[in-house]
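Colleague: no FASTA, just this:
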């Protein structure tokens, strides 16, 4: 995890092992943010910003989904570059252009050959992930 370091930590951006810190250790003030790298091999970066600090009611979730865009890329697809390549093949398929056997296999392997829509965002699924995380 790469983070802009809050007060009390050595100065300057650095990597923090996510096993050693919680978000509350790194984000201590409203508006502060960190950059989280998921999957070092594929290098997916996420910006996480603390939008508010306050007490939670007993029935209030600890994590709340706010917004999102587009379908989640397939796991281990090669990062943004591999996903862009897969999207190019997907567009080629949707425009009814001939695919090579390798291109067909790649779309099938990453489950992008049937009902995949890169523009779709499943808000209900995102909320479910947040709910599961808090259990």
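Modeller: Everything's here; your move. Since we're looking at a predicted model, the values are computed, not measured.
Colleague: rest of the way, CA atoms for contacts and neighbours
Modeller: OK.
Colleague: which stretches of the protein form strands?
Modeller: Remark: strands assigned in the chain by DSSP state E are 2-3, 14-15, 33-38, 44-49.
Colleague: and the ones you listed, which one's lowest on average pLDDT?
Modeller: Sorting the strands of the chain by mean pLDDT places strand 2-3 lowest, at a mean of 46.
Colleague: who's in contact with the residue most central in space within the chain?
Modeller: With distances taken as Cα atoms, centre = their mean, the residue of the chain nearest its centroid is residue 46 (5.8 Å). Contacts for residue 46 (Cα atoms under 8 Å, 6 or more residues apart in numbering) come out as 35-38.
Colleague: if we take the residues you listed, which one ends up nearest to residue 62?
Modeller: Residue 62 lies nearest to residue 36 out of these, by Cα to Cα, at 18.8 Å.
Colleague: Okay, buried residues for the longest helix seen in the chain please.
Modeller: Criterion DSSP state H: the longest helix present in the chain is helix 79-94. Neighbour counts over helix 79-94 (16 or more other Cα atoms under 10 Å) mark 79, 83, 86-87, 89-90, 93 as buried.
Colleague: And for stretch 93-104?
Modeller: Residues of stretch 93-104 classed as buried by neighbour count (16+ other Cα under 10 Å): 93, 103-104.
Colleague: same for the longest helix of the chain, what does it pack against?
Modeller: Under the contact criterion of 3 or more Cα pairs under 8 Å, 6 or more residues apart in numbering; DSSP states H and E, helix 79-94 touches helix 101-109.
Colleague: what comes into contact with the helix it packs on?
Modeller: Counting by Cα under 8 Å, 6+ apart, 86, 89-90, 113 sit against helix 101-109.
Colleague: same thing but at 10 Å, please
Modeller: 74, 77, 85-90, 92-93, 98-100, 111-114, 116 (Cα atoms under 10 Å, 6 or more residues apart in numbering).
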